[in-house]
Every structure is written in structure tokens, then in C-alpha cells.
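In: structure, please.
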Amino acid sequence: MSPRNTATTHDPHELADRLIPDDELAPGSVEAVTGLPSFAGKMAAFEQAYRTPYSELPHEVQDALVLRRLRQLVNTVRLNPAWRERLEGCGVDGSGPLTFEDWQAVPPADKDTQRDLYMESRPGLVVPIDRGGFEVVASGGTSGGSPLEVVYALRELHDTYRIAGRFLGDYQLAAHFADDGAKWLFTTLADYQMWSSGTMVGGVLQHVPGVNYIGAGPVTAGVLEHMFSYPGQKALMGISAGIAILSDLGAGLKREARESFRVALYGSGVLAHRKRAELKAVYPNLVILSYFAATQAETIGLQLAESDPALTAVPGLHLVEIVDEDGRWVGEDEEGELVVTRLHAHEAPLLRLKLGDRMIRRPALDGIGPRAQRFEFAGRTGDVLHIADSQYSAARAYEAVREDLRLATPVDLDQVAHEIQFVNQREDRAITLMVAVDDVPAMTYMTETALGPYGAHHVFLNALPRSLSLFNQGEANPASIEKTGYRFHLRFVPRSSPEIERTHVGKVPLVRDRG
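Out: Numbers count the residues shown, from 1 in each chain. Next comes the predicted model:
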């Protein structure tokens, strides 16, 4: 990487205006959009002008280009009738946004908006999909239980792979790889995960400079031994369960192979402290870092240091915002909802998408190294049951459990429950469905008599796969859920029981994660 040198005297706003001139700022037709130069090219021009990697440019320099790009995005989507109506309804016209304050007037889009605009007839596309050159990426839509799709232009998708891959290599991996010798980057993402965020993550990993990439898929001890026999240092990305199991799979590896494993990147779920300790006992040189991605964004945030849980956004890839309920930015160290806008999206833009995650906004990185936005994961916005690395719609899970209980017992939960709440004890791997009823002894007696002491657990095992959405139905079955080590319980508690958590306004969240 070239050293930072920002001694040039370019005014960043003048440079941004020159690089995205007025005819590009407001394309006059769909045909003009297909001919727009890439935003990646504008980033490269900024690097050349300042003789500095884009990720290390001062924040005010990056902001000048990003604001110009946001104006271009607004003008581009206004070619689409559905988007034009959406923006005019909140007073956003072709003149703005001139500031980030202006930008925050654009209404955030939720998953329903994404579904309406980018599925079926896909009315939100600026360039129709029959032109070709697109990729569709699918998500299970676990928050609401309905599937989601989003569309990308391949030319811009490949640009983002290169940008994210370079950042990951320079700032997340480089500190843990020696300069000499071969370097390997594996992923154990399974095939069914590759038609989702895994598709995009794989694209990023293939574009990390100076590494050899292998898409291994799920591995056995023998496959891991073979991969780790390659001379050189190694990093591996997988879902958290795929990382956690490496302590067992690698127990028989030779010392040299175990010492060559330098970086583990987990992409979803929670990696328990015990698992971290087990991994480090087997692999003495290992650091364990988070790689935060979603179907709509191949790299949202990367954990750069094991001692700091904060995630760092890749500069120039997305505009990452942490917002309050009105869509306005929260202050530093305040919690809000994650909103992402893809900056590389001429043909298929999606402005200010809420991904369903709660984040704490942290102070931006400044000084030596990358200058980037940072945030810390605070939990899911939607009602989702996280079991290992699978995510189940809690609403669908309740309906499936209720149906099976009604068939096996005299109890219909809809008839007897005042309140229900799933409590997920992640560290203990236990999920309890708490049901507030009038007569606790009677409900307990009827269900236990019909089901036996472990019957509720088996009801959950059989019901949960039915709560997976269309694109995830091959992901789990009763046997695979059993192998996660999770235990499932049904507990009846008195009406208004303090064991059921409530918000300060008295609402009962469907899911509560503890530990």
C-alpha cells in the first residue's frame, strides 16, 4: 500500500463536481444510466489526485465525493416512477441532497419496500432486468418469515468485490500474515448459503490481493488436514458454528499446521467465550474476528482488532447510517437501527435500506490507517430465533409449535395464553417458550401428562423446520437441530409474571436473547 500523502491542494468539492459532471449527475434517460462511468472509477481518481489510498483520505475529502454520489443516486432513481413518487412524497427533488442533513429526509426503506420494489415484476429497477447483466441474490427474510430478493448489476458488483477485498486484505488480514510465503484464504460456507450473503462474501474473498482462495464448503477432519497441509499461513471464513467446530476438527493436526492458522472470520451468530478459548488452545497463533455482511451488502463492517468489538465500514462501499425512529442519525455511542445505501448501484439502486439490526454508533476511525465509520452490533430488530447459525421466524415457530401442541395435547395456546415470549439463552443453548396463563398447574399438568417429561423438546424439533422460509428450507431438519445441542422448553407462568420481559411502555417483545 502506498504511504499517505495529502499534501496536494485540491478542493474536494470542486474535484467531486469535476469527476461527476452535471450530465452524469442527472442522467436524462434509462439508456444514459447504462452508460454512466462506475463510482469505483471516481474513487480511483480521488486516490490519484491525493496520492493516497481512498480508505485513508480525510473524512471531509471522502464526504465530498459521497455527497455528490448521493445526489446522483437521487437523480437516477427519479427516472423510475415508483421511486419518484416515493421521494416527492417527502419533499426530495432533483436539487438535493446538498448536505447529509438533506439526505436524512429520504425515507428509510424496510424489507416490505425491498420486496415490493425488487421481487416479482421488480418495479424499482431503473434499468429493466430484461436488459441482462444482473445478478439476483436471495434471502430467507427471517424477520418476517417471507423471502426477499435484491438485484445487482454485475459490473458494479465486481467493483465492490475488489474494493472490499483490498480493504479486508490491507486492514484485517495483513497484520496477521508475514510478508513472505504463501497465504491462503478458505471459506466453509455451504452451497445453500451461497445463494444469499454467501454469494457476495465469496466474491469478496476471491478479490483479496496476494492470497490463494479456496471455496471449500463444509469440511471434515480429513479435508481440514489436507487444506492445512499446504505450506503457508492461513485464514478461514465461515458461519460461527463452522468456526467453532474447528477446535474439534483440528485436534489431530500436526503442530506446524495448527500454528499456520492465523485468522478466523465468523460471519453470523455468536461465538461463545468457551469456543474462543478452545480454538486458541488448538491454534496458538489464531485471532478471531467478526465479518458482518448481509444479502444486501457484501461487507457492512469488519472487526479490525480482537480487543475491540467495533465494526469498521469499508470507505466508499456503502453509506452506513445508525438512525433513530425518525430516520435521523443518532449521536456517537447511542443505539439505533442500521441503514445501508449501496454507493455502487446505477442500474438497481436501493436507498436507505433498514437491514433489521440494532447498532451502537462509535467514533469514526481517524489518524494513521483507515479513516472510516464504526459501529457495534447490539442485536436484531426483528423477531428471530437464532439457533447456532440458522435463523427462524419466531412468529412462524410459534404457529408451528402451537399446531403440534394442539394435536398432541388438550391445550391450544391461542386460547389460553395472555402473553407469550421466546427466551433464548445462547450461552446455555436453551430456548424456552414462556406462556402466561390463568391456571399454571392445570396447563402444566395437561401438557406434561400428554407429552411426558421431554415431550416439549421433541415438539420444537419437529416444528422448527417449518418456520424456515422458502429459500432456507433445506437448511435444517429435526436431526440437525438436535445436533446443535439446543434444548427446548415450554413453561407456563402466571399472568403478568415478571419472568416475561416488557418494554418501558408495557409491550412484550416476542423474542428476548440472554447471554
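
In: what lines up beside the strand or helix carrying residue 337 in the sheet?
Out: Here residue 337 sits within strand 335-342, counting by DSSP states H and E. In the sheet, strand 335-342 lines up against strand 318-323 (antiparallel), strand 353-362 (antiparallel) (DSSP bridges).

In: now whatever helix or strand comes next after the longest one and strand 335-342, what's the angle there?
Out: On the C-terminal side of strand 353-362, the closest following helix or strand by DSSP H and E is strand 374-380. With axes from the mean of the first three to the mean of the last three CA atoms, to 10 degrees as the basis, strand 374-380 and strand 335-342 are set at 110 degrees to each other.

In: contact partners of strand 374-380?
Out: The contact list for strand 374-380, computed with CB atoms under 8 Å, 6 or more residues apart in numbering, reads 143, 290, 292, 301, 309-313, 320, 322, 335, 338, 356-365, 386, 513. Placement of C-beta: from N, CA and C, glycine included.

In: buried stuff in it?
Out: 374-377, 380 (16 or more other CB atoms under 10 Å).

In: give the partner strands of that strand in its sheet and their orientations.
Out: strand 308-312 (antiparallel), strand 353-362 (antiparallel).

In: quick one: which of those is nearest residue 215?
Out: strand 308-312 (23.9 Å; CB to CB).

In: point out the least confident one among the buried residues of strand 374-380.
Out: By pLDDT, residue 380 ranks lowest within the buried residues of strand 374-380, coming in at 65.

In: all strands in the stretch 51-200 of the chain, in order from the N-terminus.
Out: Counting by DSSP state E, counting those that start in this stretch, one finds strands in the stretch 51-200 of the chain at the ranges 134-139, 148-153, 183-187.

In: shouldn't residue 403 be within a helix?
Out: Yes: the assignment for residue 403 (DSSP: H, G, I helix; E, B strand; the rest coil) places it in a helix.

In: is it in contact with residue 463, as I believe?
Out: Yes: counting by CB atoms under 8 Å, residue 403 touches residue 463, with 7.3 Å between them.

In: who's more crowded, the two?
Out: Between residue 403 and residue 463, residue 463 has the larger neighbour count (other CB atoms under 10 Å), namely 23 against 15.

In: the more buried one sits in which helix or strand?
Out: helix 455-463.

In: follow-up on the earlier one: name the residues of the strand holding residue 337 that are buried.
Out: 336-342.

In: ok, stretch 116-136 next?
Out: For stretch 116-136, by 16+ other CB under 10 Å, it's 116-119, 122, 124-127, 134.

In: export the strands paired with strand 374-380 to CSV and tack on mean pLDDT and mean neighbour count?
Out: Formatted as CSV, the strands paired with strand 374-380 follow (pLDDT from 0 to 100; neighbours: other CB atoms under 10 Å):
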stretch, mean pLDDT, mean neighbour count
strand 308-312, 94, 19
strand 353-362, 88, 21
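
In: save the ones you listed as JSON lines, and put in distance to residue 171 too.
Out: Below are those laid out as JSON lines (distance: least, CB to CB, whole Å):
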{"stretch": "strand 308-312", "distance to residue 171": "7"}
{"stretch": "strand 353-362", "distance to residue 171": "16"}
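
In: residue 476 is nearest to which of those?
Out: Closest among these, using CB to CB: strand 353-362, at 20.2 Å.

In: what lies in contact with the closest one?
Out: The contact list for strand 353-362 (CB under 8 Å, 6+ apart) reads 108-111, 113-114, 143, 294, 296-297, 300, 310, 322, 329-341, 374-382.

In: same question, stretch 459-468
Out: Against stretch 459-468 from outside (CB under 8 Å, 6+ apart): 140, 145, 385, 387, 390, 392-394, 396-397, 399-401, 403-405, 408, 431, 433, 451, 473, 475-478, 481-482, 488, 490.

In: what about it, distance to the chain center?
Out: 24 Å (CA atoms, centre = their mean, to the nearest Å).

In: about what we covered before: looking at the buried residues of strand 335-342, which is nearest residue 14?
Out: For the buried residues of strand 335-342, the nearest to residue 14 is residue 341 (24.1 Å; CB to CB).

In: what pairs with the closest one across the strands?
Out: residue 319.

In: please tell me I have it right and it contacts residue 323.
Out: No: contact criterion CB under 8 Å: residue 341 and residue 323 do not qualify, at 11.5 Å.

In: so what pLDDT did residue 173 get?
Out: pLDDT at residue 173 comes out at 96.

In: ok, now the one 10 residues further on?
Out: Model confidence at residue 183, given as pLDDT, is 97.

In: how about it, what does it touch?
Out: Residue 183 touches 173, 177, 210-212, 232-235, counting by CB under 8 Å, 6+ apart.

In: for the closest residue in space to it that isn't next to it in sequence, give me its contacts.
Out: When the adjacent residues along the chain are set aside, residue 183 lies closest to residue 211, with 4.6 Å between them (CB to CB, 6 or more residues apart in numbering). By CB under 8 Å, 6+ apart, the contact list for residue 211 reads 169, 173, 183-185, 235.

In: which ones among the contacts of stretch 459-468 lie within strands?
Out: 385, 387, 390, 392-393, 431, 433, 488, 490 (DSSP state E).

In: from residue 170, how far out is the residue of the chain most remote from its centre?
Out: Most distant from the centre of the chain: residue 442, at 43.6 Å, with distances by CA atoms, centre = their mean. Distance of residue 442 to residue 170, given as CB to CB, to the nearest Å: 64 Å.

In: am I right that residue 344 is in a strand?
Out: No: assigned with three-state DSSP, residue 344 falls outside any strand and is coil.

In: what are the phi and psi values at it?
Out: Phi and psi for residue 344, reported as degrees, to the nearest 10, are phi -110, psi 80.

In: distance of the closest residue to it other than its chain neighbours relative to residue 348?
Out: In space, and not counting its chain neighbours, residue 344 is closest to residue 156: 4.2 Å by CB to CB, 6+ apart. Distance of residue 156 to residue 348, given as CB to CB: 9 Å.

In: need the contact list for the closest residue in space to residue 497 that isn't next to it in sequence.
Out: Among residues not flanking residue 497 along the chain, residue 436 sits closest, at 5.7 Å (CB to CB, 6+ apart). Contact partners of residue 436, counting by CB under 8 Å, 6+ apart, are 417-420, 492-497, 500.

In: buried members of those residues into ChimeraX, please.
Out: In ChimeraX, this line selects whichever of these come out buried by 16+ other CB under 10 Å:
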select :417,419,420,492,493,497,500
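
In: where do the helices sit along the stretch 151-300 of the chain?
Out: Taking DSSP state H, counting those that start in this stretch to define them, one finds helices in the stretch 151-300 of the chain at 154-167, 197-205, 221-227, 240-244, 246-249, 255-259, 273-282.

In: picking up where we left off before, dump the residue contacts of the residue nearest to residue 344.
Out: By CB under 8 Å, 6+ apart, the neighbours of residue 156 are 38-40, 344-347.

In: chain neighbours aside, what residue packs nearest to residue 360?
Out: residue 376 (4.4 Å).

In: could you do residue 438 as well?
Out: Looking at residue 438 with CB to CB, 6+ apart, the closest residue is residue 495, at 6.1 Å.

In: residue 435 is in contact with that neighbour, correct?
Out: No: assessed by CB under 8 Å, residue 495 is found out of contact with residue 435, at 10.3 Å.

In: so what sits against both of the two?
Out: residue 419.

In: got the end-to-end distance for stretch 226-235?
Out: Using CA to CA, to the nearest Å, one end of stretch 226-235 lies 15 Å from the other.

In: any buried residues in that stretch, and which?
Out: 227-228, 232-235.
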